[in-house]
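Colleague: Next come a sequence and a model predicted from it.
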Protein chains: 2
Amino acid sequence: MSKVLIVEDEPKLASLVADYLKAAGYEAHCIENGLEAIPWVKGNQPDLIVLDLMLPGRSGLEICKELRTFSDVPVIMVTARVEEVDRLIGLEVGADDYLCKPFSVRELVARVKALLRRPRVAAAAPAGLAIDEEKHQVSLDGKVLDLTPVEFRLLAALVAAPGRVFSRDGLLEKLYADHRVVTDRTVDAHVKNLRRKLEEIRPGADLVRSIYGVGYKLEL
Amino acid sequence: MSKVLIVEDEPKLASLVADYLKAAGYEAHCIENGLEAIPWVKGNQPDLIVLDLMLPGRSGLEICKELRTFSDVPVIMVTARVEEVDRLIGLEVGADDYLCKPFSVRELVARVKALLRRPRVAAAAPAGLAIDEEKHQVSLDGKVLDLTPVEFRLLAALVAAPGRVFSRDGLLEKLYADHRVVTDRTVDAHVKNLRRKLEEIRPGADLVRSIYGVGYKLEL
DNA sequence: GGGAAATATGAAGAACTCGTGAAACCAACG
DNA sequence: CGTTGGTTTCACGAGTTCTTCATATTTCCC
């Protein structure tokens, strides 16, 4: 269950929003004072924050700025002011969305849902895949893979940034220290072999994906 | 010091406005003929433009449309006509503000100040649209879009400056690294496909808009 | 409203990409 | 010198994407 923090100085509005969020299946916490926001976030790690712009203690802008120094938790800004500049400033300090009062609580909940659905940028290697540079050894689901040197470097290059797409040329650069001239299709050949060995251990894995017209990436 | 261009066919009014702007600390230039406007802008890069709707040579609307194909400089439209439709049309082609004659010059200067004070940050992408260049992945409302390479580059080009209108030729330049010769209509085809995929996720979205006679833009 | 220009759409062939197996190549080793 | 395992290239087929063209539909301007 996702945890949502509401920083809002109007208690009635805050509890109204909290109720709606709870009804939508979220865990909602309210804070009325801007000064308490940052410590609470550090202690409780919410998955999303609804932040009022005008607050006693500290302004929402300040809070958002400081938030962004240590977290990329989604933030929805709420304000009474309706000027375009507000919107721009809000997004500039790192808010993910913006809403003007008076707003429909339904609308707010919809945006909360949208932001929480958004794929979180997590740069972790796929579960079960362990790569040991020193031993020059890779294991999937505990089983050691018998990879050739090129296959190992290929997999290592992909693991370095899981999810990111590498062009064939980009991969060739990483595969060979010298700048030998090699065909793009060579990458395909190694990918083929690498895939075969991965599938032996985890059938239907599809860990190495091809992005049509672009290159290859490691599936998260 | 900010540079302001005044495109206005009544010399007396033009110089009056120019005087006020200079008194307010701006650099002001006057042009009387609509045909000279675009070349002057390209050559002198003003920070703001005061544009009369009725001009000898070219209408202010035409000028504004073409302006928006290569610049997002703030534009204040000025007109003798007072109808609401004018205002709508003016804003549709990309003007930032609108003023009807007769107007107080003091009022105009105030609006110039307001627009120049406005933080010139890149406008944010439409809410819910996230584009990840590295992963070569686009998501709308949390759902990942399956785009072809050209569609991806097309959307990325539009997202780079949301709200700004891109001509088809301009888009083709951004779409292909090589300078292959492609018909303008090709852009239409890709826009069609892109729209279809966007609408699958958010029906009635209308995110990619066509500006008649100019090109395409991303709706904010 | 009517005509001209611009845009939207659907269909189809051309062009491109990718996966694959087979073959050529190469270096190391017995 | 032949074998072996690894690497690279090649060529083909299947599938996808790109581009164009012809045909609606919309928009603009008079």
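Modeller: Perfect, thanks for sending it.

Colleague: surely A:Val112 meets A:Lys22?
Modeller: No. Applying Cβ atoms under 8 Å, one finds A:Val112 not in contact with A:Lys22, separated by 11.8 Å. Using the backbone N, CA and C atoms, a C-beta is placed for each residue, glycine as well.

Colleague: Comparing these two, which shows the higher neighbour count?
Modeller: A:Val112 (25 against 12; other Cβ atoms under 10 Å in any protein chain shown).

Colleague: Secondary structure of the more buried one: a strand, I assume?
Modeller: No. Going by DSSP: H, G, I helix; E, B strand; the rest coil, the assignment for A:Val112 is helix, not a strand.

Colleague: ok, now which ones touch it?
Modeller: By Cβ atoms under 8 Å, 6 or more residues apart in numbering or on different chains, the contact set of A:Val112 is A:4, A:21, A:24, A:26, A:48, A:50, A:76.

Colleague: Just the element for the first one, please.
Modeller: When elements are defined using DSSP states H and E, A:Val4 is found to belong to strand A:3-7.

Colleague: got the CA coordinates for that strand in CSV?
Modeller: Output of strand A:3-7 as CSV, limited to C-alpha atoms (Å, rounded to 0.1, in the frame of the first residue of the first chain):
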residue,chain,number,x,y,z
LYS,A,3,1.9,6.0,1.7
VAL,A,4,0.8,9.6,1.0
LEU,A,5,1.8,12.7,3.0
ILE,A,6,-0.5,15.7,3.0
VAL,A,7,1.0,19.0,4.0
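
Colleague: that older thread, mind checking which of the contacts of A:Val112 land in strands?
Modeller: A:4, A:48, A:50, A:76 (DSSP state E).

Colleague: can you give me the strands for chain A?
Modeller: Under DSSP E, chain A gives strands at A:3-7, A:27-31, A:48-52, A:75-79, A:97-100, A:129-132, A:137-140, A:143-145, A:208-211, A:215-218.

Colleague: Quick check: which helices or strands does the shortest one pack against?
Modeller: Under the contact criterion of 3 or more Cβ pairs under 8 Å, 6 or more residues apart in numbering or on different chains; DSSP states H and E, strand A:143-145 touches strand A:137-140, helix A:184-201.

Colleague: From the contact counts, what lies against the last one?
Modeller: Helices and strands in packing contact with helix A:184-201 are listed as strand A:143-145, helix A:149-159, helix A:168-175, strand A:208-211; criterion 3+ Cβ pairs under 8 Å, 6+ apart.

Colleague: Now do the longest one: which elements does it pack against?
Modeller: Right, helix A:149-159. Counting by 3+ Cβ pairs under 8 Å, 6+ apart, helix A:149-159 packs on strand A:129-132, helix A:168-175, helix A:184-201, strand A:215-218.

Colleague: can the ones you listed go into CSV with extra columns for mean pLDDT?
Modeller: Converted to CSV, the helices and strands packed on helix A:149-159 look like this (pLDDT from 0 to 100):
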stretch, mean pLDDT
strand A:129-132, 82
helix A:168-175, 89
helix A:184-201, 93
strand A:215-218, 94
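
Colleague: Name the stretch among those that sits most buried.
Modeller: Scoring these by mean neighbour count under mean count of other Cβ atoms under 10 Å in any protein chain shown gives strand A:215-218 as the most buried, with a mean of 21.

Colleague: so does that one get close to chain B?
Modeller: Yes. Strand A:215-218 reaches chain B (Cβ under 8 Å from any Cβ of the partner chain) through A:Lys217.

Colleague: Does that strand reach DNA strand D?
Modeller: No. Counting by Cβ under 7 Å from any atom of the strand, DNA strand D is not contacted by strand A:215-218; separation bottoms out at 13.9 Å.

Colleague: Run through who's touching that strand.
Modeller: Residues contacting strand A:215-218 (Cβ under 8 Å, 6+ apart): A:125-126, A:158-159, A:162-168, A:170-171, A:187, A:191, A:207-211, B:135-136.

Colleague: just stretch A:44-53 next, same as before
Modeller: By Cβ under 8 Å, 6+ apart, stretch A:44-53 touches A:2-9, A:17, A:29, A:37, A:41, A:59-61, A:63-64, A:67, A:73-81, A:86, A:90, A:95, A:108, A:112, A:115-116.
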